[in-house]
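Peer 1: attaching a predicted model along with its sequence, questions to come.
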Amino acid sequence: MSSPARTVRPRLRRARALVTAAAAAAALCACAGQAGGGEPTTTAPSTPSPSPTLQPYAHPWGPSPEAVAAATQDAAAMTSAEVAGQVIVGRLQGTDPAVAADLVAELHLAGVMITGGSVASLEQVLALTGGVHEAVAADGRNWPALVSTDNEGGSVQRMSGDTGPWTTFPAFAVAGRALEGAGTEGGDATGIIADAYAGMATELRASGVTVDWAPVADVTVPGQDVTIGSRAAGADPDVVARVVTAALEGFLDGGVLPAVKHFPGHGSLTADSHAALPVQAATDAELRAHDLPPFQAAVAAGVPMVMLGHIDVTAWDPGTPASVSPAAYRVLRDEIGFSGVTVTDSLGMGALNAVGGPGEVAVAALAAGADLLLNPADNYAAHAAVVAALEDGTLDRDAVDAAAGRVIAMMRYQVELADQAGPVGPEDVGTAEEAAAALAAAGER
């Protein structure tokens with residue numbers, strides 16, 4: 001029997017999110033449209049001009065401004081070591097629950113990321129996540145740990161039938177095919193997609209996970225995309241935008257916080273950022289027409305987090321990975337209107353080698369505009385560097401307090417989502433088989 005978490009949130013939210021996302025995608029495409037002379041218009045990121053059409057709600061990403069302000073005050077009361085930890089999601093080594101809990105306690109980390117190497121069984125995962133949550137509570141925090149994983153479906157699914165009793169979900173490209181096969185309006189496909197990802201979220205939450213680094217909002221280019229491929233919903237920006245917003249609703253229905261990735265888009269790149277820095281040579285207008293619409297739609301639909309990729313966007317800041325580029329954060333914040341949590345892609349990837357060591361990368365990302373540092377290559381070096389930068393003034397303490405405040409407010413919001421979704425337990429793991437099968441079948445139409 002399926003968990004009640006799948007049906008508690010009202011279906012009205014889905015309709016609102018999809019209408020908003022469609023309007024947002026249309027607005028961004030219009031911004032990248034043709035000028036009177038037939039040439040594409042561009043907007044200089046150094047002088048962004050925010051548009052009110054990008055902010056359909058007063059606080060679209062979840063927490064109210066008052067909640068964020070209160071959380072920022074909580075961050076301001078922390079020591080340098082505590083607030084530095086609150087903007088780091090730690091890298092785990094191995095499956096030992098005690099090691100994970102000790103890491104969080106020692107460095108005051110916001111949480112951890114569970115990768116494939118940290119999953120041995122459901123019982124082990126429950127011990128690990130439970131230990132991390134206990135460590136956060138023992139640290140005096142009245143918000144949950146940011147216990148995260150990469151569960152996209154398909155080839156990227158850390159908790160699946162291959163690693164335990166979890167449901168195995170099809171690749172995100174299947175969701176794109178389901179929507180395309182349903183016709184212009186999407187028909188029942190958006191509901192099938194949302195239900196599938198609500199099921200995934202329910203199983204993750206039942207395992208102690210509060211954040212999933214999904215869905216992928218990249219627009220693939222078949223034959224050119226060597227890294228993302230079937231992880232993306234498709235090659236049509238409008239289709240990707242609609243699939244992403246449906247998946248977002250599912251995650252939120254299930255009580256897990258999602259993050260769209262990899263801003264400003266990895267789908268048209270020919271290099272893998274795990275190994276080297278990919279170069280995005282598209283013009284600003286081309287990015288707005290092809291790569292940015294799904295991200296804008298996600299922001300309009302209330303996504304709580306946007307992950308910035310390690311991508312050299314030559315139109316914005318040549319030679320600098322977007323994850324450490326102030327220009328990329330300005331486009332996301334000031335032009336697209338995102339007010340939620342910005343998170344880097346994993347900081348141990350080869351694309352960042354030229355930026356420096358783990359400490360230098362961590363400080364550079366925060367200085368550029370990141371709120372969360374994901375998976376530093378060395379947790380201790382990253383934490384120590386942030387503490388030192390706070391104490392010598394390299395990093396502005398008020399700015400880091402604001403970043404930590406957004407993270408804290410978001411995690412308190414996760415509690416609200418979980419309460420709305422309803423209680424879950426280990427018995428809910430494996431209950432999404434029907435929803436996953438329905439998505440797979442819809443993708444074959």
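Peer 2: Thanks, I have the structure now.
Peer 1: how about A403: what's its closest non-neighbour residue?
Peer 2: Spatial nearest neighbour of A403, excluding adjacent residues (C-beta to C-beta, 6 or more residues apart in numbering): D371 at 4.0 Å. For glycine as for every other residue, the C-beta is placed from the backbone atoms N, C-alpha and C.
Peer 1: does that neighbour really touch V343, like I thought?
Peer 2: Yes - when contacts are counted by C-beta atoms under 8 Å, D371 is listed as touching V343 (6.6 Å).
Peer 1: pLDDT averaged over stretch 96-115 - what is it?
Peer 2: For stretch 96-115, mean pLDDT is 98.
Peer 1: for stretch 304-315, same thing?
Peer 2: For stretch 304-315, mean pLDDT is 97.
Peer 1: who are the neighbours in contact with the nearest residue to P215 once chain neighbours are set aside?
Peer 2: Leaving aside its chain neighbours, P215 sits nearest to A247 (4.3 Å; criterion: C-beta to C-beta, 6+ apart). In this structure, A247 makes contact with 172, 175, 193-194, 196-197, 214-215, 258, judged by C-beta atoms under 8 Å, 6 or more residues apart in numbering.
Peer 1: S323 is in contact with H310, correct?
Peer 2: Yes - with contact defined as C-beta under 8 Å, H310 counts as touching S323 (5.2 Å).
Peer 1: out of the two, which sits in the more crowded spot?
Peer 2: Taking other C-beta atoms under 10 Å, H310 and S323 do not tie; S323 has more neighbours (33 against 27).
Peer 1: helix, strand or coil: sort out the more buried one for me.
Peer 2: Recorded secondary structure, S323: helix (DSSP: H, G, I helix; E, B strand; the rest coil).
Peer 1: what about stretch 107-122, start to end distance?
Peer 2: 26 Å (C-alpha to C-alpha, to the nearest Å).
Peer 1: same thing with stretch 180-196?
Peer 2: From the first residue to the last, stretch 180-196 extends over 17 Å; the measure is C-alpha to C-alpha.
Peer 1: buried residues in it?
Peer 2: By neighbour count on 16 or more other C-beta atoms under 10 Å, the buried set for stretch 180-196 is 180, 182, 186, 189-196.
Peer 1: now these in a markdown table, with pLDDT?
Peer 2: A markdown table is the format used below for those (pLDDT from 0 to 100):
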| residue | pLDDT |
| --- | --- |
| E180 | 93 |
| A182 | 78 |
| G186 | 56 |
| A189 | 95 |
| T190 | 96 |
| G191 | 96 |
| I192 | 97 |
| I193 | 98 |
| A194 | 98 |
| D195 | 98 |
| A196 | 98 |
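Peer 1: about what we covered before: the contacts of A247 in strands, which ones?
Peer 2: P258 (DSSP state E).
Peer 1: from the contacts of A247, pick the one nearest P60.
Peer 2: Distances from P60 to the contacts of A247, taken as C-beta to C-beta, are shortest for P258 (14.0 Å).
Peer 1: L92: what's its closest spatial neighbour, skipping adjacent residues?
Peer 2: The shortest distance from L92 to any residue that is not its chain neighbour, by C-beta to C-beta, 6+ apart, is 4.7 Å, and that residue is S118.
Peer 1: before we move on, what about A69?
Peer 2: Leaving aside its chain neighbours, A69 sits nearest to G405 (7.5 Å; criterion: C-beta to C-beta, 6+ apart).
Peer 1: tell me which residues touch the one you found, please.
Peer 2: For G405, the contacting residues are 68-69, 71-76, by C-beta under 8 Å, 6+ apart.
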